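Asker: starting from these lines, generate the structure:
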Amino acid sequence: MSDSTTTDTQPSGQPAQPTVRVLAQYVKDFSFENPRAPLSLQRKEGTPPINISVNVNARPLSEQDFEVTLTLEAKAADDNEIAFQVELHYSGILRVAGMKPEHVQPFLLIEGPRLLFPFARQIVADAVRNGGFPPLMIDPIDFVTLYRRNLEKAQASQTNANPIN
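Answerer: Numbering: from 1, shown residues only. Modelled structure (predicted):
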């Protein structure tokens, strides 16, 4: 099977369907800290609260290729004492063809991280387990809501930066 160039229409005269290929996936940056070991590994009553933050970025590499980076950060702390902290920047290169330009950014920031998330989740779970704690299984993330929230924040900051007189 060979790679061929994409045209705007199929032989039937219908518009070409958008295609997406994941060309590569990789750990871009990774950190795990267990600053109080071995004390942090001693069993305590209850578990410390775990704060998780998620971020997504995308940048063009060429006309059709984009790097999408999913950032997951988790910090388990109790009374200002950190049990563990993990930060992962997991990226993928996606090739997007046949998609309207106005649909590319939402696609990259919603579907891109959705494709990367299971792999990033496993890396975090394994690192936390290898650090001596039960594996941290991050719940599935609603990337549509995350995208909308970030879009609203961006629009609000533009409105505040450019007040109408």
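Asker: pretty sure residue 112 sits against residue 67.
Answerer: No - contact between residue 112 and residue 67 fails when scored by CB atoms under 8 Å: they sit 9.2 Å apart. Heads up, the C-betas are built off the backbone N, CA and C, glycines and all.
Asker: where do the helices sit along this structure?
Answerer: 101-130, 143-161 (DSSP state H).
Asker: quick check: which of these is buried the most?
Answerer: helix 101-130 (a mean of 17; mean count of other CB atoms under 10 Å).
Asker: grab the most central residue of this protein for me.
Answerer: With distances taken as CA atoms, centre = their mean, the residue of the chain nearest its centroid is residue 70 (2.2 Å).
Asker: any idea how far residue 141 is from that one?
Answerer: 9 Å (CB to CB, to the nearest Å).
Asker: next one: residue 157
Answerer: Counting by CB to CB - residue 157 and residue 141 are separated by 23 Å.
Asker: cool, residue 150 as well?
Answerer: For residue 150, the distance to residue 141 - CB to CB - is 13 Å.
Asker: that older thread, so the residue nearest to the centre of the chain touches residue 119, yeah?
Answerer: No - look at residue 70 against residue 119 with CB under 8 Å: they stay out of range, at 9.1 Å.
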